[in-house]
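Participant: prediction below, plus the sequence it came from.
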Amino acid sequence: MTPIKTALIGFGISGQSFQAPILQALGEYELTSVVSSNTEKVHAQLPSAVVYPSIDELLAKGDEELVVIATPNELHGPFAEKALRAGKHVVVEKPFTIDSAEGKQIAALAEEQGKKISVYHSRRFDGDFLTIQKLISEGHLGEVHTLFSSYNRYRPVVKDRWREQNIPGAGILYDLGSHLIDQALAFFGPPKSVTATLRNQRPGAQAVDHFHICLGYDQRDVILHGNNLSTTEGPRFQVYGSEGAFIKYVMDKQEDLLRELKGPGCEGWGEDPESAWGVYTDASGKAVAVPTERGCYERFYLEMASAIRGGGEVPVMPQEAITTIKIVEAAYASSAAHKTVFL
């Protein structure tokens, strides 16, 4: 397969750590250019990349097939539109857009242009998520009636960065919560209702830094929680069903390796030590540690390459990502009105 010439828009933590190391590791891609204001930073990691000061200049001069957008959230929609109108395939870092109406417009434009677009919900390829998906599909849990999914950190000091400012698309519900929502949708599909409490919890917080959301289904509840004032992470997943339960501590470590600029193929990639395996308890009370499925963030880009070259489906459909944003919108509405919002 001819490598897909790829441009990376933005070289902050997402572009530098979460995107570039994976694209560099895969022979299906050739990361040829980056849009950044910091040429030295880019060339320290990607010596041969052409650096452009703006997306407009890249689209005017570059010959890339794929554009990966790793900018602040409020630029996702406008930049995706520019790339699509320039005839490029597009990957957008999550969340897709900051509102669902904009997401629908971008998805429609991609279809009109005949181009592939997908959203980088990488945590569909976490080992813990894949393990629970396997337990559900194989029937070990029976009918799941309750799932708790938590993403807790201890960051008591508010930082001066766009993610924590009072701007559209900022705050941890858009940042971390969109991952948890997407995972819930992948497990069970869209819920019927959303009940949420959102807070600016830390002193000086300008954006949401605490969320507690209940997604209501006919026969189950999915509770999603995240905050920045937990000195211990607690359980990552708690899943309870009619035939068994599964509890997992310790998050997938692929992100930690990527922050060290280590990608697929490095030592320990996608592996979970036995000490971190989750525990399954059956209906008789017998408990057993379950080996964690191998994490594989690279699978997103392998599936994206197949979609571009072979015409198949992208790894995350834009309609799925739009549903995630609809739930984020419903959570804000629910919290503001102190009531359940029905979808």
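Facilitator: Ah, there it is.

Participant: quick check: domain ranges of this protein?
Facilitator: Structural domains assigned to the chain are 4-120, 124-296+327-342, following automatic domain parsing.

Participant: stretch 36-52: end-to-end distance?
Facilitator: 6 Å (C-alpha to C-alpha, to the nearest Å).

Participant: which parts of this structure are helices?
Facilitator: 13, 20-25, 39-45, 55-61, 76-85, 100-113, 127-137, 172, 178-188, 254-259, 298-310, 318-337 (DSSP state H).

Participant: list the contacts of the second one.
Facilitator: The list of residues contacting helix 20-25 from outside it, by C-beta atoms under 8 Å, 6 or more residues apart in numbering, reads 6, 8, 11, 29, 31, 45-46, 68, 258, 261-265, 297-298, 300-301. For glycine as for every other residue, the C-beta is placed from the backbone atoms N, C-alpha and C.

Participant: and of the helices of the chain, who's closest to Leu147?
Facilitator: helix 178-188 (7.1 Å; C-beta to C-beta).

Participant: how far off centre is the closest one?
Facilitator: Centroid displacement of helix 178-188 relative to its chain, using C-alpha atoms, centre = their mean, to the nearest Å, is 10 Å.

Participant: if we can go back for a sec, which of the domains of the chain sits most buried?
Facilitator: Across the domains of the chain, averaging neighbours per residue (mean count of other C-beta atoms under 10 Å) puts domain 4-120 on top, at a mean of 20.

Participant: distance from that one to the middle of the chain?
Facilitator: Relative to its parent chain, domain 4-120 has a centroid offset of 16 Å by C-alpha atoms, centre = their mean.

Participant: next, the distance between the ends of it.
Facilitator: Terminal residues of domain 4-120 are spaced 17 Å apart (C-alpha to C-alpha).

Participant: swap in stretch 65-83?
Facilitator: End-to-end distance for stretch 65-83, by C-alpha to C-alpha: 10 Å.

Participant: ok, stretch 135-146 next?
Facilitator: 14 Å.

Participant: residue ranges for the strands of the stretch 201-343 of the chain, please.
Facilitator: Using DSSP state E, counting those that start in this stretch, the strands of the stretch 201-343 of the chain run over residues 210-216, 221-227, 237-241, 244-248, 278-282, 287-290, 341-342.

Participant: which one of those strands lies closest to Thr146?
Facilitator: Closest approach to Thr146 among those (C-beta to C-beta): strand 237-241, 4.5 Å.

Participant: so what strands line up beside the closest one?
Facilitator: Next to strand 237-241 in the sheet, as set by DSSP bridges, lie strand 144-152 (antiparallel), strand 244-248 (antiparallel).

Participant: which outside residues touch that strand?
Facilitator: Contacts to strand 237-241, defined as C-beta under 8 Å, 6+ apart, come from residues 128, 132, 135-136, 141-150, 245-248, 278.

Participant: what do you get if the cut-off is 10 Å, keeping everything else the same?
Facilitator: With C-beta atoms under 10 Å, 6 or more residues apart in numbering as the test, strand 237-241 has contacts from 126, 128-129, 131-132, 135-136, 139-150, 183, 187, 220, 222-223, 245-249, 251, 278, 280-281, 283.

Participant: for Lys88, see how far away Ala60 is.
Facilitator: For Ala60, the distance to Lys88 equals 12 Å [C-beta to C-beta, to the nearest Å].

Participant: for Tyr249, same thing?
Facilitator: Applying C-beta to C-beta, the value for Tyr249 to Lys88 is 41 Å.

Participant: re the thing from before, and the helices of the chain: which comes nearest Ala196?
Facilitator: Nearest of the helices of the chain (C-beta to C-beta): helix 318-337, 3.7 Å.

Participant: helices or strands up against the closest one?
Facilitator: Under the contact definition 3 or more C-beta pairs under 10 Å, 6 or more residues apart in numbering; DSSP states H and E, helix 318-337 sits against strand 89-93, helix 100-113, strand 117-120, helix 178-188, strand 193-199, strand 210-216, strand 341-342.

Participant: can we see that at 7 Å?
Facilitator: helix 100-113, strand 117-120, helix 178-188, strand 193-199, strand 341-342 (3 or more C-beta pairs under 7 Å, 6 or more residues apart in numbering; DSSP states H and E).

Participant: got JSON lines for the ones you listed, with distance to Arg163 too?
Facilitator: JSON lines is the format used below for the helices and strands packed on helix 318-337 (distance: least, C-beta to C-beta, whole Å):
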{"stretch": "helix 100-113", "distance to Arg163": "19"}
{"stretch": "strand 117-120", "distance to Arg163": "16"}
{"stretch": "helix 178-188", "distance to Arg163": "12"}
{"stretch": "strand 193-199", "distance to Arg163": "15"}
{"stretch": "strand 341-342", "distance to Arg163": "25"}
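
Participant: pLDDT value on Gly311, please?
Facilitator: Looking at Gly311, its pLDDT is 87.

Participant: neighbours of it, how many?
Facilitator: Neighbours of Gly311 under the rule other C-beta atoms under 10 Å: 8.

Participant: how close does it get to Gly114?
Facilitator: Gly311 is 10 Å from Gly114, by C-beta to C-beta.

Participant: for the closest residue to Ile223 other than its chain neighbours, give its distance to Phe187.
Facilitator: Using C-beta to C-beta, 6 or more residues apart in numbering and skipping residues adjacent in sequence, the residue nearest Ile223 is Phe148, 4.8 Å away. Applying C-beta to C-beta, the value for Phe148 to Phe187 is 12 Å.

Participant: sounds good, over and out.
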